[in-house]
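Participant: got a predicted structure here, sequence first:
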Amino acid sequence: MKKIMFLIVLTLITLNLTILSVSAESYNYSPLGEVIYSAEAVSVTHIVDSSNLKDELNQDVSISFGELVDVFAYDNKIYLVDKSNNQVHILNEEYEYLTSFGTGVLLNPSGIFVTEDYIYVADTGNFRIALFDHTFNLSSEILAPSDPTFKQSPDDENGYDFKPLQLTVNRTGRIYVVADQVFEGILDFNPDGTISRYVGANSITLSLWDAFWLKLTSEEQRAQQGYRLATTFKNLMVDEDGYLYTVSDVTEGEKVIKKLNYKGVDVLSRNGYIPQVGDLVTVPPTVNLPDGPSVFTDIDVNEFGNYMVLDSTRGRIFTYDFEGNLLYIFGELGNLTDSSNNLRDKFIRPTAIKYFNDKILVVDSMNKNLIIFEYTEFGRLVNQATEYYFEGDYDLAKDTWEEVLVLNTNYYLAYKGIAKAELREGNYEKAMEYSKLGFDDDTFSSAYQPYRYEKIAAIFPYILVVVFAVLIYGFIKNAKNAINKAKEEDEIG
């Protein structure tokens, strides 16, 4: 019976499909990198744009959203950065309009972060970071650092303009900034706005051809060829423990997502079945969707170490757990050829994502809207199981993974999670069984050693009895032989 069940599950698991024959919410990847069916993890529940925007009195609001480029959630309020209108719009938890600020103060803002004390805005067009209090008055500003990389005055002919693009603030008030044309890393500002250092520079990427010719050229020739610069970061977010989660260009390969500690060292766990690079397959040329690798433009992390990244190539959002396992994928592009006919719940140019309580917020700069996703029963159970595991409650994690399998029998991670729980409970045979189903070689090896010891320990007493019996038999036989030999010698003598 077990063999039959295993064959049924394996058949379901190995069902292949092309990436675009199903909706974006309903696929995942197997440990072999194959696209497989998956239950939907989220669904669209609300869409907010200028056509349905209302205030707390349920009155229509005469506000026209422009190019929405960033979103943040704090204290049950939602902050939307409107780049083309030079404003920040604020909604409450019911998605009702509260107020807007920034007119005449901001110029082409591109990023936002909110704390108890300030609203930090990357005021790109004004070459600064603007700090507002919660009455929306400009409290202070952070201008170009005293660094030769940046112009120190409008008339300065050397350096670049200080153009902050994205920012995040840790719990001690340190400000981390991704700025345009900065290749040395992330700018780390002290709470008082003075520059401290650069953090976590990316590597310089060379092709095999470039590396070959560099070996053959002299220093003078290399100088004439110009500098090779590291790739810049695209976005970042800080977690509760102060780790920086970043996304970079695809040239970073399997390290396009990083988790930087205070020294700028990448400590991201990459223990999942597949690398954290988004889509693994190439889009068929017959399908009307962009080809090429996933290009991440935003990232957010929750209190349980789960993080999601936004792929601007095909409008996907990939969610990973703290160990690097891909949990689920959702989001899709709509009508790319005619934006006027695009469905409101499909993306055209998604630009930013944010966790908001038990929901997910996404803004689309071309659709000029805010889309709210909520978890399905499947998505909720997956989240719950990973949270239990993160908190060390392995029994509850196992029970929840079993519920996940009822909704999605080809969810490998559930088998892997159950195997780990069985291992911790000392159920080594079950751990081996589930680790096989989950393609979890590490857990299988960890379970096999004590399982083998248990088997040996179980039969060891019987082995001892046999050994002692053989020894006693041998002793008696030798004794008899000795007695008989002695009698024979006496008779001869």
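Facilitator: Great, that's in hand. Numbers count the residues shown, from 1 in each chain.

Participant: average pLDDT for the helix or strand that Lys480 is a member of?
Facilitator: In the assignment (DSSP states H and E), Lys480 maps to helix 441-492. Taken as a whole, helix 441-492 carries a mean pLDDT of 70.

Participant: strands of the stretch 301-450 of the chain, residue ranges please.
Facilitator: Ranges of strands in the stretch 301-450 of the chain, per DSSP state E, counting those that start in this stretch, are 307-311, 317-320, 326-330, 350-356, 359-364, 369-375.

Participant: run the angle between the first one and strand 359-364 for me.
Facilitator: Think strand 307-311. Orientation check (axes from the mean of the first three to the mean of the last three CA atoms, to 10 degrees): strand 307-311 against strand 359-364 gives 20 degrees.

Participant: which helices and strands does strand 307-311 pack with?
Facilitator: For strand 307-311, the elements it packs on are strand 296-301, strand 317-320, strand 350-356, judged by 3 or more CB pairs under 8 Å, 6 or more residues apart in numbering; DSSP states H and E. (Glycine included, C-beta is placed from N, CA and C.)

Participant: picking up where we left off before, could the strands of the stretch 301-450 of the chain be laid out in a markdown table, adding mean neighbour count and distance to Asp123?
Facilitator: As requested, the strands of the stretch 301-450 of the chain are exported to a markdown table (neighbours: other CB atoms under 10 Å; distance: least, CB to CB, whole Å):
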| stretch | mean neighbour count | distance to Asp123 |
| --- | --- | --- |
| strand 307-311 | 24 | 23 |
| strand 317-320 | 24 | 27 |
| strand 326-330 | 24 | 32 |
| strand 350-356 | 23 | 17 |
| strand 359-364 | 24 | 18 |
| strand 369-375 | 21 | 22 |
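
Participant: now these in a markdown table, with distance to Thr45?
Facilitator: Listed next are those as a markdown table, based on distance: least, CB to CB, whole Å:
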| stretch | distance to Thr45 |
| --- | --- |
| strand 307-311 | 17 |
| strand 317-320 | 15 |
| strand 326-330 | 13 |
| strand 350-356 | 12 |
| strand 359-364 | 8 |
| strand 369-375 | 5 |
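
Participant: now for those strands, which one comes closest to Pro148?
Facilitator: strand 350-356 (31.9 Å; CB to CB).

Participant: which residue packs closest to Val301, ignoring adjacent ones?
Facilitator: Closest residue to Val301 apart from its sequence neighbours, by CB to CB, 6 or more residues apart in numbering: Tyr307 at 4.1 Å.

Participant: wait, the one you found sits on Phe318?
Facilitator: No - if you go by CB atoms under 8 Å, Tyr307 and Phe318 don't touch, sitting 9.3 Å apart.

Participant: who wins for proximity to Pro164 among the strands of the stretch 301-450 of the chain?
Facilitator: strand 350-356 (15.3 Å).

Participant: and the contacts of the closest one?
Facilitator: Contacts with strand 350-356, where a contact means CB atoms under 8 Å, 6 or more residues apart in numbering, come from 68-73, 78, 81, 297-302, 308, 310, 312, 315, 317, 331, 360-365, 372.

Participant: hey, where'd the helices end up in the stretch 1-150 of the chain?
Facilitator: Using DSSP state H, counting those that start in this stretch, the helices found in the stretch 1-150 of the chain span residues 2-13.

Participant: any stretches of it with poor pLDDT?
Facilitator: The model of the stretch 1-150 of the chain has pLDDT under 70 over residues 1-25.

Participant: strands along that one, start to end?
Facilitator: 27-29, 35-37, 42-48, 68-74, 77-82, 87-92, 97-101, 111-114, 119-123, 128-132, 138-142.

Participant: what do you get for the stretch 151-300 of the chain?
Facilitator: Under DSSP E, counting those that start in this stretch, the stretch 151-300 of the chain gives strands at 164-169, 175-179, 186-189, 195-199, 233-238, 244-248, 257-260, 296-301.

Participant: and the ones you listed: which comes nearest Ser100?
Facilitator: Nearest of those (CB to CB): strand 164-169, 20.2 Å.

Participant: can you work out which other helices and strands pack against the closest one?
Facilitator: By 3+ CB pairs under 8 Å, 6+ apart, strand 164-169 packs against strand 111-114, strand 119-123, strand 128-132, strand 175-179, strand 233-238.

Participant: want to throw those strands into a markdown table with distance to Gln276?
Facilitator: Formatted as a markdown table, the helices and strands packed on strand 164-169 follow (distance: least, CB to CB, whole Å):
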| stretch | distance to Gln276 |
| --- | --- |
| strand 111-114 | 23 |
| strand 119-123 | 26 |
| strand 128-132 | 29 |
| strand 175-179 | 19 |
| strand 233-238 | 15 |
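
Participant: as TSV, those with distance to Tyr473 and mean neighbour count would be great.
Facilitator: TSV is the format used below for the helices and strands packed on strand 164-169 (distance: least, CB to CB, whole Å; neighbours: other CB atoms under 10 Å):
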stretch	distance to Tyr473	mean neighbour count
strand 111-114	82	23
strand 119-123	86	26
strand 128-132	89	22
strand 175-179	78	25
strand 233-238	74	23
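
Participant: out of the ones you listed, flag the one nearest Val267.
Facilitator: Of those, nearest to Val267 by CB to CB is strand 233-238, at 14.0 Å.

Participant: who does the closest one pair with, and is each partner parallel or antiparallel?
Facilitator: Strand pairing for strand 233-238, using DSSP bridges, gives strand 244-248 (antiparallel).

Participant: for the record, mean pLDDT for the partner strand?
Facilitator: Regarding strand 244-248, the rounded mean pLDDT is 97.

Participant: contacting residues around that strand?
Facilitator: 168, 176, 186, 199-200, 202, 231-239, 255-260, 296-301, 307, 309.

Participant: got the contact list for the closest residue to Asn28 other than its chain neighbours?
Facilitator: Of all residues not flanking Asn28 in the chain, Ser38 sits nearest, at 4.0 Å (CB to CB, 6+ apart). The contact partners of Ser38, taken as CB under 8 Å, 6+ apart, are 26-28, 328-329, 408, 410-411.
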